[in-house]
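Colleague: From the sequence below, what's the structure:
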Amino acid sequence: MISSDDVFIPKLKSLIDANLDDPAFSVDTVCRDMGISRAQLHRIVKEQFELSVTLYIRKVRMEKANYLLANTSLRISEVADRVGISNPQNFSKYFTQEFAVSPTEFRRLHQAPTSATNLLTSEAIPPVTAPLLPIPPLPETVPVFSQKPVSARLWSRSYIRWAVYSIILLGVGLGLTLYIQTYIRSASPSATTAGTSIAVLPFVNMGSSEANPICDGLIDDIHTALSLIRHLRVTARSSSDQYRGTQKDMSQIGDELGVSNILQAKLLKSGEQIQLKVELINANEDQLSWAKTYRVDYRNVFQLTEQITGDVARELNLDNNPTSANKLGLARTQNMVAYNHFLQGRQLVVSRKKENIVAGLAKFDQALALDSTFAEVYAFKGVAYSVWANSDYAPDPTKTYALAQKYALKAIQIDPTNSTAYGVLGTIYADTYQWQAAETSFRIALQHNPNDAQINYWYSLLLRSTGQLTEAIRYSTQAVALDPLYPVILSGHIVTCAYANRFDLAQASLINGRALFGDSFIFQVALGYLYLAKKEYAPAATSFSRGLKLNPNYTGHLPTLMYCEAKRGNRAKAVAYLQTLTAKTPRTYYDKAVVFAGLSQKDSCLHNLKTASDLGYIYKDMQVVPIFQPYRQEPVFQAILRQYRYP
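Modeller: Predicted structure coming up:
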């Protein structure tokens with residue numbers, strides 16, 4: 001008798017692997033060799049994999065075929081024989097159904113010259129214990145989120161390779177091999193913190209409301225152009241936009257944003273003419289440094305960007321990048337209504353709230369309906385889907401990540417220098433444990449735009465996950481400097497400082513954070529992790545509880561709350577929560593491991609941690625989060641780190 005599904009599934013996998021080259025291997029063979037009825041076998045496999053037994057066996061065969069095609073020189077017919085499929089037509093059909101590419105095309109891609117693509121893959125990272133996941137049919141609407149979950153989130157190295165080949169096939173030949181050393185040298189905080197700093201305040205519309213999209217479009221365009229100037233730190237719009245209609249003086253704004261210069265403007269639309277009066281303020285002395293009035297036809301409004309950027313660069317004694325106009329032309333749109341939809345959608349997505357992300361995606365679709373070549377919209381659709389999966393909103397993260405990748409690649413197809421799109425790819429690779437690919441993607445993104453606060457922050461999270469805490473703090477500090485009023489970035493910085501035991505730095509960030517973001521659920525979660533790192537479990541539990549109350553949809557830290565409850569002595573509460581974790585999903589096993597760690601039950605913690613990892617899920621920060629500190633030297637824990645190829 002099979003006493004547990006946890007025991008049965010590994011035995012089933014071993015039996016299939018042992019008989020993979022046998023065309024006669026079937027459901028009847030499994031039932032006979034494992035002493036189980038067809039009905040019981042079907043129930044277990046259906047619950048675990050959402051597949052029939054026959055399709056599950058075929059899936060295992062195709063995964064093996066994928067590996068053999070990618071890593072051996074066997075002929076396709078020989079590969080088919082090795083996986084027990086004697087009919088070549090059937091083999092080709094099954095492989096294409098599984099991976100959305102024929103065996104011949106898959107082999108051709110893996111044998112193509114890839115000097116550039118090697119930079120986005122790591123030959124030192126072999127595939128982890130998970131299948132290559134194809135890009136599924138990709139709907140254009142939000143309902144993809146309601147699809148059924150799968151049992152694993154990992155993407156194999158082969159999938160990452162396939163994705164990068166897609167970039168090449170889309171025409172994104174950036175010559176990365178020639179420039180990677182430049183990327184690595186220049187994509188560091190020191191390159192962007194040197195020199196001066198500036199914030200672009202919301203422009204004041206002096207005319208009718210129909211000019212509002214023009215204001216927002218120009219601000220965004222000028223902000224992006226200024227961000228491309230080397231040695232100029234430009235505050236992110238998510239922070240500077242909070243001063244819309246403010247009565248604060250320039251010196252106070254400069255202090256709050258940490259900048260020495262402020263750019264502001266007044267816009268008036270008269271018929272088909274645009275008049276823009278621009279002022280550059282020395283925030284340290286609250287004095288006007290420079291002012292100029294520009295006039296242009298409405299249809300040529302974005303020509304102002306190059307003029308203003310050049311004038312500001314000269315006033316600040318900085319060299320403007322002559323290629324910035326070309327980059328902006330690829331990223332932007334000439335349709336002001338589309339631009340307005342994009343800006344609204346972006347603001348919704350950065351909140352990370354479930355309903356706002358859905359609304360933001362709808363805004364992006366409205367923008368693309370007006371301009372299907374708007375690169376930055378595609379990039380931010382990638383951001384939206386990546387955030388959705390990363391926030392545990394997606395029942396099937398693999399399909400949601402596939403959507404994120406699809407739109408990032410589309411953005412790169414239109415604009416090969418789109419830093420946002422490379423940042424999205426970096427987050428996908430990091431979330432699927434492809435550390436080197438993520439590292440390279442983020443560095444490329446930062447080379448194209450070192451002033452992007454979001455990418456600096458995402459890169460700091462990768463560094464944190466891989467144990468490079470000192471470097472992680474450098475980049476999260478840079479992200480906070482670029483976007484000081486964004487709660488997600490400040491909260492993440494606090495967590496990184498807590499993991500590094502730099503409580504002094506975390507405490508300094510709390511001073512502003514409490515006043516600005518006390519009602520932000522993500523800030524309360526960060527506060528909880530800070531208290532947890534300091535072993536102050538009662539206030540940690542209070543903060544985690546507040547986070548849940550502020551955003552009931554974000555339950556990813558609920559097991560950590562129960563860990564703290566157990567540590568503070570409320571063991572019965574933690575045990576009661578454990579009894580609710582009945583699902584046999586990878587994340588559930590991980591959640592159990594967290595609670596067992598709080599109960600100081602080492603064996604149960606490590607057993608569930610290993611089960612979760614074998615099924616395809618780990619917490620990216622597992623080697624630095626204080627929860628598992630007592631077990632980091634245990635052989636099982638070290639084996640998991642090796643399994644997921646942590647650097």
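Colleague: So what's the residue count around the closest residue to D621 other than its chain neighbours?
Modeller: Nearest residue to D621, sequence neighbours excluded (CB to CB, 6 or more residues apart in numbering): S465, at 5.3 Å. No exception for glycine: its C-beta is placed from N, CA and C like everyone else's. When counting by other CB atoms under 10 Å, one arrives at 25 neighbours for S465.
Colleague: which residues does S465 contact?
Modeller: A430, W435, K620, D621, Q623, V624 (CB atoms under 8 Å, 6 or more residues apart in numbering).
Colleague: And for M62?
Modeller: V83, Y94, F95, E98, F99, P131.
Colleague: Most neighbours among the residues you listed, which one?
Modeller: F95 (26 neighbours).
Colleague: Give me the contacts around whichever strand or helix holds that residue.
Modeller: Using DSSP states H and E, F95 maps to helix 88-99. Contacting residues not belonging to helix 88-99 are listed as 58-59, 61-62, 65-66, 76-77, 79-80, 83, 85, 102-104, 106, 132, 134 [CB under 8 Å, 6+ apart].
Colleague: Sitting in helices, which of these do you find?
Modeller: If you go by DSSP state H, these have 58-59, 61-62, 65-66, 76-77, 79-80, 103-104, 106 in helices.
Colleague: Which among those count as buried?
Modeller: R58, K59, R61, M62, A65, N66, I76, V79, A80, P103, F106 (16 or more other CB atoms under 10 Å).
Colleague: tell me which residues in stretch 461-481 are buried?
Modeller: Those would be 461-466, 468-469, 471-481, for stretch 461-481 by 16+ other CB under 10 Å.
Colleague: Turn the contacts of M62 into JSON lines, columns for distance to L606 and pLDDT.
Modeller: Output for the contacts of M62, formatted as JSON lines (distance: CB to CB, whole Å; pLDDT from 0 to 100):
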{"residue": "V83", "distance to L606": "34", "pLDDT": "90"}
{"residue": "Y94", "distance to L606": "38", "pLDDT": "86"}
{"residue": "F95", "distance to L606": "38", "pLDDT": "84"}
{"residue": "E98", "distance to L606": "34", "pLDDT": "77"}
{"residue": "F99", "distance to L606": "34", "pLDDT": "72"}
{"residue": "P131", "distance to L606": "25", "pLDDT": "30"}
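Colleague: and which of those residues is nearest to T582?
Modeller: P131 (26.0 Å; CB to CB).
Colleague: Which strands and helices lie in contact with the helix or strand hosting Q413?
Modeller: Q413 is part of helix 397-414 when elements are defined by DSSP H and E. Applying 3 or more CB pairs under 8 Å, 6 or more residues apart in numbering; DSSP states H and E, one finds that helix 397-414 makes contact with helix 157-169, helix 375-390, helix 419-431.
Colleague: ok and that helix relative to helix 419-431, angle-wise?
Modeller: 150 degrees (axes from the mean of the first three to the mean of the last three CA atoms, to 10 degrees).
Colleague: Report the separation between K363 and K573.
Modeller: 42 Å (CB to CB, to the nearest Å).
Colleague: neighbour-wise, which of those two wins?
Modeller: K363 (22 against 15).
Colleague: Just name the closest of the contacts of M62 to Y646, please.
Modeller: Taking CB to CB as the measure, P131 is the one of the contacts of M62 closest to Y646, at 21.1 Å.
Colleague: Which residues are in contact with the residue nearest to Y563 when sequence neighbours are not counted?
Modeller: Nearest non-adjacent residue to Y563, counting by CB to CB, 6+ apart: G598, 3.5 Å away. By CB under 8 Å, 6+ apart, the contact set of G598 is M562, Y563, C564, E565, A566, K567, A574, I627.
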